[in-house]
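Colleague: Below are the sequence and a predicted model; questions follow.
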Amino acid sequence: MTRSLPKQRLQKPPATLTSDEIAFVRGLVIYHDDHVIAFNKPAGLSSQGGRIAAHTLDDLLWAFAKSSGNRPRLVHRLDRDTSGVILSARTKPAAGFLGKALMGKRFRKTYLAIVAGAPSPKGGVIDTPLRREEQGREAYMRVCSPAHPDAETARTRYRTLAATEDAALVELNPETGRMHQLRVHLASIGRPIVGDVRYGGALTLSGHPVPRLMLHAAALSFPHPAGETHRVKAPPPADFAALAKSLELMGTLSAEGP
């Protein structure tokens with residue numbers, strides 16, 4: 001799921017990148033201009049602040065640093081195991097503009113998820129508050145009553161693109177940006193995202209192994225700093241597409257995404 005980034009008071013020191021890392025992050029670029037760079041983030045790459053001893057996407061942005069030392073800044077982030085579109089700003093004015101647009105809910109995010117079973121009804125709005133819960137070093141989100149003191153409003157629109165008796169391909173449009181929102185909302189209606197062991201997702205489905213969380217940020221529409229609205233799309237990764245094909249959900253899943 002995508003979330004806004006906390007304000008950073010101190011600039012991170014430059015990361016030392018290898019030539020392979022520079023080539024890798026440049027290969028993730030799906031759109032760029034003077035104001036923004038959009039990437040198709042692979043699953044397994046942390047957006048920022050990862051616990052593993054590896055560079056995050058935020059670190060890899062040093063590959064695009066100017067001679068002045070200024071580099072792009074992430075506008076939002078995706079969970080480590082979620083793939084797809086993530087946006088960065090190339091200048092401070094662009095970062096400020098996009099940050100305000102994100103807070104003003106002017107971004108439209110479209111995700112694809114493979115879930116166990118078909119949602120009923122096939123489409124609608126999940127309007128269920130969430131609260132954060134800490135368990136040791138791990139953080140979880142839980143559904144809760146609107147009256148709970150820690151309740152946060154959370155709304156997700158969804159529609160079923162394809163379904164069989166055992167699985168479905170679902171398109172998701174979050175209207176709020178809570179941590180793990182899509183994952184918890186789908187689990188709350190009995191249709192967890194496959195591969196999402198944290199929230200009840202299976203690691204096999206209809207005899208097919210599920211390699212990871214099957215959640216992909218397929219498209220992002222946003223107000224561009226230069227004017228008008230821009231839309232960026234990221235094709236689903238090979239493992240996502242392969243599982244969708246194996247589950248006979250591929251008919252509506254184009255190579256270009258929704």
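Modeller: It's in.
Colleague: CA only for contacts and neighbour counts going forward, please
Modeller: OK.
Colleague: and the end-to-end length of stretch 97-108?
Modeller: End-to-end distance for stretch 97-108: 16 Å, by C-alpha to C-alpha, to the nearest Å.
Colleague: Just the mean pLDDT for that stretch, thanks.
Modeller: Across stretch 97-108, pLDDT averages out at 96.
Colleague: repeat for stretch 194-206
Modeller: 96.
Colleague: how long is that stretch end to end?
Modeller: The first-to-last residue distance of stretch 194-206 comes to 11 Å (C-alpha to C-alpha).
Colleague: contact partners of it?
Modeller: 114-116, 166-167, 183-184, 187, 192-193, 209-214, 247 (C-alpha atoms under 8 Å, 6 or more residues apart in numbering).
Colleague: at 6 Å instead, please
Modeller: 115, 192, 193, 210, 212, 213, 214 (C-alpha atoms under 6 Å, 6 or more residues apart in numbering).
Colleague: Now do the third one against residue 228, distance only.
Modeller: When you say that, I think you mean residue 193. 34 Å.
Colleague: neighbour-wise, which of those two wins?
Modeller: residue 193 (31 against 8; other C-alpha atoms under 10 Å).
Colleague: Looking at strand pairing, list the partners for the more buried one.
Modeller: residue 115 (DSSP bridges).
Colleague: By neighbour count, which of the contacts of stretch 194-206 wins?
Modeller: Going by other C-alpha under 10 Å, residue 193 tops those with 31 neighbours.
Colleague: Can you give me every residue that contacts that one?
Modeller: So residue 193 contacts 114, 115, 201 (C-alpha under 6 Å, 6+ apart).
Colleague: List the buried residues in the longest helix along the chain.
Modeller: If you go by DSSP state H, the chain has its longest helix at helix 92-103. Counting neighbours by 16 or more other C-alpha atoms under 10 Å, one finds that the buried residues in helix 92-103 are 94, 95, 97, 98, 99, 101, 102.
Colleague: Could you do stretch 129-148 as well?
Modeller: Under 16+ other C-alpha under 10 Å, the buried positions of stretch 129-148 are 129, 130, 131, 132, 141, 142, 143, 144.
Colleague: Any idea how far stretch 97-115 is from the middle of the chain?
Modeller: 9 Å (C-alpha atoms, centre = their mean, to the nearest Å).
Colleague: Ok, stretch 16-23 next?
Modeller: That offset, for stretch 16-23, works out to 24 Å (C-alpha atoms, centre = their mean).
Colleague: Just the residues contacting that stretch, thanks.
Modeller: With C-alpha under 6 Å, 6+ apart, stretch 16-23 has contacts from residue 63.
Colleague: go on, stretch 171-186?
Modeller: 1, 3, 109-112, 154-159, 192.
Colleague: Reformat those residues as a markdown table; add distance to residue 224 and secondary structure.
Modeller: Shown next, in a markdown table, are the contacts of stretch 171-186 (distance: C-alpha to C-alpha, whole Å; DSSP: H, G, I helix; E, B strand; the rest coil):
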| residue | distance to residue 224 | secondary structure |
| --- | --- | --- |
| 1 | 22 | coil |
| 3 | 19 | strand |
| 109 | 15 | strand |
| 110 | 17 | strand |
| 111 | 20 | strand |
| 112 | 24 | strand |
| 154 | 26 | coil |
| 155 | 25 | strand |
| 156 | 24 | strand |
| 157 | 24 | strand |
| 158 | 26 | strand |
| 159 | 27 | strand |
| 192 | 34 | coil |
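Colleague: Show me which pair in these is furthest apart.
Modeller: Using C-alpha to C-alpha, these span at most 21.5 Å, a distance reached by 3 and 159.
Colleague: for residue 37, what are its contacts?
Modeller: Counting by C-alpha under 6 Å, 6+ apart, residue 37 has contacts 31, 88.
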